[in-house]
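Participant: 3D model of this:
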Amino acid sequence: MRALALRTENLLATLALGGLMLLPLAEIVTRKFFESGIPGAGPFAQNLTIWVGLLGAAIAAREGKLLTLATGEFLPAGTITRVAHVIAGFVGAAVSTIFAVGGAALVQTERSVGDIIAVHVPVWVAPLAFPLAFAVIAARLVWRASPHWLGRAIALGGIAAGYWIATHYQVLEGRAVWPWITAIVVAGVLGAPIFTLLGGIAMFAFFADGSRPIVPLIKAYEELTSPSANLAAIPLFTFTGFLLAEGKSSERLMRALRGLVGWMPGGTAIAAATLCAFFTLFTGGSGVTILALGGLLLPVLVKEGYREKFAIGLLTASGSLGLLFPLSVPLILYGIVAQNVAIEDLFIGGLLPGLLMLGLLAALGIREAIVSKALRTPFRFGESVAALWEAKWELLLPVVVLYALLGGYVTMSETAAIAALYALIVQRFIHRDLQSFRDVLRVASECTALVGGVLVILAVAVGLTNYLVNAQVPTHLIDWTRSHVESKLLFLLALNVFLLLVGTVMDIFSAIVVVVPLLVPLAAEYNISLVHLGVIFIANLELGFLHPPLGLNLLLASVRFKKPVLQVMWATLPMLGILAVGVLLITYIPWLTEGLLRYMGKM
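Facilitator: Numbers count the residues shown, from 1 in each chain. Just a heads-up that it's a prediction; the model follows:
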């Protein structure tokens, strides 16, 4: 019975993701041949994204994949860790229950209004995902809080506490909010999911102002279904990356890259870094790159004479490359959160900085190859042509997608749908790396779990952002900065340090959602363009992935290569240093970001 329920849940998430892909594609076809699109296609896609995100969050809760702060990884094993898990489960369940109650109120409100999305489909169907998903998440956080029934019973109290608070929010009006926020922050440090940290702070802040639990969810629903959000691009591009990570796409691309540059000193290292960058631009630096490619690339590098320490460091650092290249999911999310900036401009602005970061790692690979006398692959024209031909479908993907987008033929969401369909056809029917639709369902389930962990953070963080704006926090921050930091160069240096610390403890998606709304008005005060700010932001978070002791890539590489975190950290320090130079160049030479845009007349 349980297995059937899990398969049904996976199937629902996959169908939602499939609908999200097919709807924009159908819109493209009907617009082309019938000169008018599908009625309500845009609103349907926007509302379907909510279901994809929240169903994915429920799956992530089931699999223990909800995004958390890295701090919980360093708690000592034993009683302390067990107690921490129970506390995190209690608070997580409480906050999830509050959101479930608020979501139920939102559904009831929309039903009473009686509005429709399009074609007689009522609006209340979309926000129904909020109470259903958050209720499931609360139950699963309780279940995963402890392997013992006593621990689960304690965590179960979180559901009761959350329900009581949500239905008696009036008692908190006008009272000090800091004790509640302190408790939530402590739970976050102990391992509670990031969405409970951000969402809990938002909820209790609104309660102190006398607002109902429905208020943050109204804000979230309005923002997530905004036509300008292009939110559907995030799950669809991520799905593209997951499809490519399956099977032998990485092997085909590696063969092609080695055929082109393998004859150079460090050619294999350059090929490995480039391959990692290609995969990361779709998966968003989520660790999929290291986990998917590490087992393939490490033996290749070691076999050709590179030191294992260097190879581990290179692959760990390369796991965050690609975030600045066109089609990067974090760049898309930054554009959505920052607003008033074209995502196409971010793609163009990030190109030279992305090549700079890749080039710096390539230079390190060349030096290592010369020192260790690593083998080279003799250039053979026939082999290079054969390798490029074998990998032609993967290599054509960014060309097709960028042509469609930059040519003005399709929207961002439609571009993402084209990319996902292209990858699906290549992997399922051309190369047949996915041998059945059961494999497609599995990949879609894994994708929605990751996407859900991101979008649930975005959903709850919208409420927190609105509260901060209403409380004039950005205004106060601008006033303080203006009175204490007069130099633009000093501000940029402080920004680098701050973002490096943020990237050390938070994943890139959470950091974008939480921090960008606060930095946008500050950047305007110092005449920093939103494109330059975005590139600085992403570049610093690339660095944060590698910063000891909590950098996400360090932890994932430790797991993938079966090495202690400290050993991985030492192996990665040279890469951290040279990429830090790249970040400083990107920060203090705006031409790297804005040069192409000015040449194209976009600035």
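
Participant: what's the closest residue to Val520 other than its chain neighbours in contact with, if anything?
Facilitator: Excluding the flanking residues, the one nearest Val520 by CB to CB, 6 or more residues apart in numbering is Ala338, at 5.5 Å. In short, each C-beta sits where N, CA and C put it, glycine included. Residues in contact with Ala338 (CB atoms under 8 Å, 6 or more residues apart in numbering) are 516-517, 520, 530, 533-534.

Participant: The residue nearest to Leu441 when sequence neighbours are not counted sits in which helix or strand?
Facilitator: Among residues not flanking Leu441 along the chain, Thr14 sits closest, at 5.2 Å (CB to CB, 6+ apart). Element membership of Thr14, judged by DSSP states H and E, is helix 2-34.

Participant: who does that helix touch, helix- and strand-wise?
Facilitator: Contacts defined by 3 or more CB pairs under 8 Å, 6 or more residues apart in numbering; DSSP states H and E place helix 2-34 against helix 41-63, helix 233-245, helix 412-425, helix 437-470.

Participant: Pull out the buried positions in stretch 382-395.
Facilitator: Buried residues in stretch 382-395, counted by 16 or more other CB atoms under 10 Å: 384, 387-388, 390-391, 393-395.

Participant: can you give me how far that stretch is from the chain middle?
Facilitator: Put simply, stretch 382-395 sits 30 Å off its chain's centre (CA atoms, centre = their mean, to the nearest Å).

Participant: Show me the shaky parts of the protein.
Facilitator: Across the chain, the ranges flagged by pLDDT under 70 are 1, 35, 37, 70-74, 227-229, 284-287, 505, 549-550.

Participant: For the residue nearest the centre of it, which non-adjacent residue is spatially closest?
Facilitator: Among the residues of the chain, the one closest to the centroid is Phe509, at 4.2 Å (CA atoms, centre = their mean). Closest residue in space to Phe509, ignoring its immediate chain neighbours: Val454 at 4.4 Å, by CB to CB, 6+ apart.

Participant: Same question for Gly247.
Facilitator: The shortest distance from Gly247 to any non-neighbouring residue, by CB to CB, 6+ apart, is to Asp433 (2.2 Å).

Participant: Am I right that the residue nearest to the centre of the chain is in contact with Leu331?
Facilitator: No - here Phe509 does not reach Leu331: they are 11.8 Å apart, not a contact under CB atoms under 8 Å.

Participant: Name the helix or strand for the closest residue to Tyr221 other than its chain neighbours, please.
Facilitator: In this structure, Tyr221 finds its nearest non-sequential neighbour in Pro127, 5.5 Å apart by CB to CB, 6+ apart. Assessed by DSSP H and E, Pro127 sits outside every helix and strand.

Participant: quick one: Pro127 and Glu223, what's the gap?
Facilitator: For Pro127, the distance to Glu223 (CB to CB, to the nearest Å) stands at 13 Å.

Participant: So those two - more neighbours on which side?
Facilitator: Between Pro127 and Glu223, Pro127 has the larger neighbour count (other CB atoms under 10 Å), namely 29 against 21.

Participant: returning to what we had before: quick one: which of the contacts of Ala338 is most hemmed in?
Facilitator: Top of these by neighbour count (other CB under 10 Å): Gly534, with 29 neighbours.

Participant: mind listing what that residue touches?
Facilitator: 331, 334-335, 338, 341, 346, 349-350.

Participant: follow-up on the earlier one: with respect to Ala94, which of the buried residues of stretch 382-395 is nearest?
Facilitator: Glu394 (45.7 Å; CB to CB).

Participant: The closest one: which element?
Facilitator: Using DSSP H and E, Glu394 falls in helix 392-406.

Participant: and that helix with helix 2-34, angle?
Facilitator: Relative orientation of helix 392-406 versus helix 2-34 (axes from the mean of the first three to the mean of the last three CA atoms, to 10 degrees): 60 degrees.

Participant: Now do helix 392-406: everything it contacts.
Facilitator: Contacts of helix 392-406 (CB under 8 Å, 6+ apart): 240, 244, 249, 252-253, 256, 326-327, 344, 347, 388, 410, 412, 414-415, 418-419, 422-423, 426, 430-431.

Participant: ditto for stretch 354-371
Facilitator: 264-270, 272-274, 277, 305-307, 310, 314, 317-318, 321-325, 374, 376, 539, 542, 574-575, 578-579, 581-582, 585-586, 592.

Participant: List the buried residues for it?
Facilitator: 354, 356-358, 360-362, 364-369.

Participant: before we move on, what about stretch 511-529?
Facilitator: 511-517, 519-520, 522-523, 526, 528-529.
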